[in-house]
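Structure here, sequence nowhere to be found:
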DNA sequence: CTTTTAGTGCAACTCGATTGCAAAGATTAT
DNA sequence: ATAATCTTTGCAATCGAGTTGCACTAAAAG
Ligand SMILES: [Mn+2]
Ligand SMILES: [Mn+2]
Ligand SMILES: [Zn+2]
Ligand SMILES: [Zn+2]
């Protein structure tokens, strides 16, 4: 497990107070976090600063975003070595009951044979249903 | 190819002027359409009426929605026999250049082996890249 | 025909996302 | 060390897709 400083160094993103605390928040949560989630947790950091931090992180592949259909984009830290290329693709699970989303790193994504002349760049794969905690 | 009237009859949705024209619009476009797309095309129909029509259609499985990350939910008519169950799952392709989205009915979706005790209900699978038209 | 239920149009509103701008902080040049 | 320059941050305002209340109209039921 890498520290915030290590990750930012590897991804060549300058370390600042806001970036450290935002990345720390993401690292310490198993579930993907929305801007609102982070804003609520970091009472003294401005929303727009968090927003711009997330943009910077995403541009530099520190994190990736997930559109889970909940209305709020969620963010998760990229796995070590992730470059946000098609090879790094993975499913996400969204629980329709508890509204939480997380990466399914362990389930393989098959090769997707696109029609002729199409070029795969990325994907947003969200599987929805009940998580183990809500499925009782 | 079924007519608007046939589809609505099968799905037990009452036929109205707005519903007919919205469904016709969707049927006549290969690409998934946003509320804005439909609003622009149907100059004399109110946005909220289109909006409620889309909700009704989705509830009754006349159409399904796609979150392609463009910021606008898009809608496509369900295939004949579709019940919006996991069995009806399919990928969608979003072109990052022309901002168009459509169903990839011909590409099989593999069985997704979720972790123990998880229950699959639905999915939003969006593959992104360049369409054949934009990939030159 | 009268009553009831469903659909539509308009305007207002919600809320997540985004931006302009000035102050604060960090970096580079003199 | 100081000044000039660039970057980050906070605040307030704005945007825009989505959603809702309400009155009016149309359709269905009695
Ligand atoms: Mn992920
Ligand atoms: Mn589809
Ligand atoms: Zn859950
Ligand atoms: Zn295209």
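Done, it's in. Note that this is a predicted model, so its numbers are computed, not measured. Ligands and ions are numbered 1, 2, ... in the order given.

all contacts plus neighbour counts: C-alpha atoms, from now on.
Fine.

quick check, the longest helix seen in chain A touching DNA strand C?
For chain A, the helix with the greatest residue count under DSSP state H is helix A:47-59. Yes: judged by CA under 7 Å from any atom of the strand, helix A:47-59 comes into contact with DNA strand C at A:47-48, A:51-52.

Taking those, tell me the two that lie furthest apart.
Using CA to CA, the residues of helix A:47-59 next to DNA strand C reach their maximum pairwise distance at A:47 and A:52, which is 8.6 Å.

where does chain A come near DNA strand D, residue by residue?
So chain A meets DNA strand D at A:13-14, A:16-19, A:44-46, A:48-50, A:52-53 (CA under 7 Å from any atom of the strand).

Report the buried members of those residues.
A:13, A:18-19, A:45, A:50, A:53 (16 or more other CA atoms under 10 Å in any protein chain shown).

Of those, which is the nearest to residue A:61?
Using CA to CA, those come closest to residue A:61 at residue A:13, 9.8 Å.

residues contacting the residue sitting furthest away from the middle of chain A?
Outermost residue of chain A with respect to the C-alpha centroid, by CA atoms, centre = their mean, is residue A:116; its distance is 30.4 Å. The contact partners of residue A:116, by CA atoms under 8 Å, 6 or more residues apart in numbering or on different chains, come to residue B:132.

now swap in residue A:45 and tell me
Here residue A:45 is in contact with A:18, A:39 (CA under 8 Å, 6+ apart).

Let's verify it: helix, strand, or coil?
coil (DSSP: H, G, I helix; E, B strand; the rest coil).

List the beta-bridge partners for residue A:120.
In this entry, residue A:120 is beta-bridged to residue B:129, by DSSP bridges.

That one: what's it in contact with?
A:86, A:114, B:127-130.

And the residue of chain A found nearest ligand 4, how far from chain B?
Closest contact between chain A and ligand 4, by CA to the ion, is at residue A:118 (9.0 Å). According to CA to the nearest CA, to the nearest Å, residue A:118 stands 5 Å off from chain B.

That residue touches residue B:136, doesn't it?
No: the criterion here is CA atoms under 8 Å, and residue A:118 misses it with residue B:136 at 9.9 Å.

more crowded one of those two?
Shown here are residue A:118 and residue B:136; by other CA atoms under 10 Å in any protein chain shown, residue A:118 has more neighbours (19 against 8).

Report the contact partners of that one.
B:129-132, B:135.

if you set the cut-off to 10 Å instead, what comes out?
By CA atoms under 10 Å, 6 or more residues apart in numbering or on different chains, the contact set of residue A:118 is B:93, B:95, B:128-136.

that older thread, now, which of the buried ones among the residues of chain A next to DNA strand D sits nearest DNA strand C?
Closest approach to DNA strand C among those (CA to the nearest atom of the strand): residue A:50, at 8.5 Å.

Now for that closest one: which residues touch it?
Taking CA under 10 Å, 6+ apart, one finds A:18-19, A:21-22, A:35-36, A:38-39, A:42, A:56 in contact with residue A:50.

One more: residue A:66?
Counting by CA under 10 Å, 6+ apart, residue A:66 has contacts A:32-34, A:72-76, A:91-92, A:94, A:101-103, A:123-126, B:69.
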